[in-house]
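Participant: predicted model follows, preceded by the sequence.
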Amino acid sequence: MNNFEFFNPVKIIFGKDQLAKLADQIPANKKVLMIYGGGSIFKNGVHALTKEALKNFEVLEFGGIEPNPRYETAMKAVELIKAEKIDFLLAVGGGSVIDATKFIAAAALFDAGDPWDILTKRKPVKAALPFGSVLTLPATGSEMNSGGVITREATHEKFAFSSPLTFPVFSFLLPDAASSLPKRQVANGVVDAFMHTMEQYMTYPANAPLQDRFAESILQTLVEEGPKAYANPADYEPMSNLMWSATMALNGLIGCGVPQDWAVHMMGHELTAKFGIDHARTLAIIAPSHYKYSFENKKEKLAQFGERVWGINVGTLDEKAHAAIDKMEAFFQSLGIDTKLSKYTEDYKGTAQNISKRFTDRGWAKLGERQSLKPSDVEKIVEMSY
């Protein structure tokens, strides 16, 4: 097991009828900007409940955050914050809204140039506005971590960032607010949480049995409860288990002391930036190809994954490992998620070469848990996903 440091200051408030506690989490006399997406919070009643809870605060609103939050939209919120002297942010919605809010919180106080440099040049965040979140959609885990992903529409680029200053102060998790979600979004949430777990688990043995079992318990829960939530988003118990699994998948705990991959995400981000494909679906496209291409490096953990998550107990190590990849891909497909790029666009030719060139141009010469994947390998993996 590797050395590690673990820090997570986020207060979680989970369950039904919890928003009445919202006002107690925000310091008095704060001027609040409520940030949300396309309007689902009006349909599920969360907007009205939030406004009622904050009736003693001055609250402004900023809507229109996209499913893959855009830099251009975030900077409009920054302008509003500066003009209105906002001093507390509240993200209300799914992970994209929370990701955007993290970036907005940092960009509003960034004085070292263009805030885009936080993403592209890794310029450090030295200050950020405090913010909380009200989660209505299980998927990204952004409600309990310090990272976010932002897309720049003008250049078709998508980058991640993280800072100790961009943890939410608190997060309300509302499984009942997810009851009206389209099944497509529920499926995305299951796969997103699944792949967040896999990026921290599907590497090589590191003598970290507790971490492995943490990860496997999340994967098992997603396999058991995800289809139930997908079949009926209004079924509170499986939705609760899905939401908490998604939170636990990316709050830093399961990644302590173990190697991590994240190559699937780096390739998937490029597919979203180019084609606008849902983030979770890009992961489902890339992951099977990545695990097949990187089989020799990952086969021990793949076989363990097969045994412990899928119950594959017959065959050689290689056979179990291959069967585990097939089981994972079939699971994604059972949720209505295609696992080939050609199912999403006819304009896929040349994509692998373009992504490889982008990685080369950015100096991303070594990817994966062993830092062994080169842009030429990325090209082959993406081609396998066609």
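Facilitator: Perfect, I can see it now.
Participant: next, count neighbours for residue 372.
Facilitator: 12 (other CB atoms under 10 Å). Backbone N, C-alpha and C define where each C-beta goes, glycine included.
Participant: list the contacts of it.
Facilitator: Neighbouring residues of residue 372 by CB atoms under 8 Å, 6 or more residues apart in numbering: 297, 366.
Participant: with the one 5 residues further on instead?
Facilitator: With contacts defined as CB under 8 Å, 6+ apart, the neighbours of residue 377 are 293, 367.
Participant: so it sits in a helix?
Facilitator: Yes - assessed with DSSP: H, G, I helix; E, B strand; the rest coil, residue 377 lies in a helix.
Participant: what's the mean pLDDT across stretch 347-360?
Facilitator: Mean pLDDT, stretch 347-360: 96.
Participant: output it as CSV, restricted to C-alpha atoms.
Facilitator: C-alpha atoms of stretch 347-360 as CSV (Å, rounded to 0.1, in the frame of the first residue of the first chain):
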residue,chain,number,x,y,z
ASP,A,347,-18.3,11.1,-38.3
TYR,A,348,-15.9,9.1,-36.2
LYS,A,349,-13.1,8.4,-38.8
GLY,A,350,-9.9,10.2,-37.9
THR,A,351,-11.0,10.7,-34.2
ALA,A,352,-8.3,8.4,-32.9
GLN,A,353,-5.6,10.3,-34.8
ASN,A,354,-6.9,13.7,-33.7
ILE,A,355,-7.0,12.7,-30.0
SER,A,356,-3.5,11.2,-30.2
LYS,A,357,-2.2,14.5,-31.8
ARG,A,358,-3.9,16.6,-29.1
PHE,A,359,-2.3,14.5,-26.4
THR,A,360,1.1,14.9,-28.1
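Participant: how about that stretch: buried residues?
Facilitator: Buried positions in stretch 347-360, judged by neighbour count with 16 or more other CB atoms under 10 Å: 348, 351, 352, 355, 356, 358, 359.
Participant: mind listing residues that contact it?
Facilitator: Stretch 347-360 is touched from outside by 266-267, 270-271, 274-275, 341-342, 365, 367, 375-376, 378-383, 386, with contacts defined as CB under 8 Å, 6+ apart.
Participant: so which of these sit within strands?
Facilitator: Using DSSP state E, no member of these falls in strands.
Participant: now, those that are in helices?
Facilitator: Among these, the members found in helices (DSSP state H) are 266-267, 270-271, 274-275, 375-376, 378-383.
Participant: all strands of the stretch 1-150 of the chain, in order?
Facilitator: 11-14, 31-35, 58-62, 88-93, 131-135, 147-152 (DSSP state E, counting those that start in this stretch).
Participant: could these go into CSV alongside distance to residue 5, mean neighbour count and mean pLDDT?
Facilitator: Output for these, formatted as CSV (distance: least, CB to CB, whole Å; neighbours: other CB atoms under 10 Å; pLDDT from 0 to 100):
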stretch, distance to residue 5, mean neighbour count, mean pLDDT
strand 11-14, 20, 15, 98
strand 31-35, 30, 22, 98
strand 58-62, 34, 16, 98
strand 88-93, 26, 27, 98
strand 131-135, 23, 27, 98
strand 147-152, 16, 23, 96
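Participant: what's the closest of those strands to residue 287?
Facilitator: strand 147-152 (17.1 Å; CB to CB).
Participant: from the chain's centre, how far out does the closest one sit?
Facilitator: Offset of strand 147-152 from its chain centre (CA atoms, centre = their mean, to the nearest Å): 10 Å.
Participant: and the strands of the stretch 1-150 of the chain as CSV, adding distance to residue 328?
Facilitator: Shown next, in CSV, are the strands of the stretch 1-150 of the chain (distance: least, CB to CB, whole Å):
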stretch, distance to residue 328
strand 11-14, 28
strand 31-35, 34
strand 58-62, 38
strand 88-93, 29
strand 131-135, 26
strand 147-152, 23
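Participant: extract the CA atoms of stretch 213-231 and return them as PDB.
Facilitator: Extracted C-alpha coordinates of stretch 213-231, given in PDB (Å, rounded to 0.1, in the frame of the first residue of the first chain):
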ATOM      1  CA  ARG A 213     -13.000  -4.300  -0.900                       C
ATOM      2  CA  PHE A 214     -14.300  -0.700  -0.500                       C
ATOM      3  CA  ALA A 215     -14.200  -0.400  -4.300                       C
ATOM      4  CA  GLU A 216     -15.700  -3.900  -4.900                       C
ATOM      5  CA  SER A 217     -18.600  -3.100  -2.500                       C
ATOM      6  CA  ILE A 218     -19.400   0.000  -4.500                       C
ATOM      7  CA  LEU A 219     -19.300  -1.900  -7.800                       C
ATOM      8  CA  GLN A 220     -21.500  -4.700  -6.300                       C
ATOM      9  CA  THR A 221     -24.000  -2.200  -5.000                       C
ATOM     10  CA  LEU A 222     -24.200  -0.500  -8.400                       C
ATOM     11  CA  VAL A 223     -24.700  -3.800 -10.200                       C
ATOM     12  CA  GLU A 224     -27.500  -4.800  -7.700                       C
ATOM     13  CA  GLU A 225     -29.200  -1.400  -7.200                       C
ATOM     14  CA  GLY A 226     -28.500   0.400 -10.400                       C
ATOM     15  CA  PRO A 227     -30.900  -1.600 -12.600                       C
ATOM     16  CA  LYS A 228     -33.600  -1.200 -10.000                       C
ATOM     17  CA  ALA A 229     -33.200   2.600 -10.000                       C
ATOM     18  CA  TYR A 230     -33.000   2.500 -13.800                       C
ATOM     19  CA  ALA A 231     -36.300   0.600 -14.000                       C
END
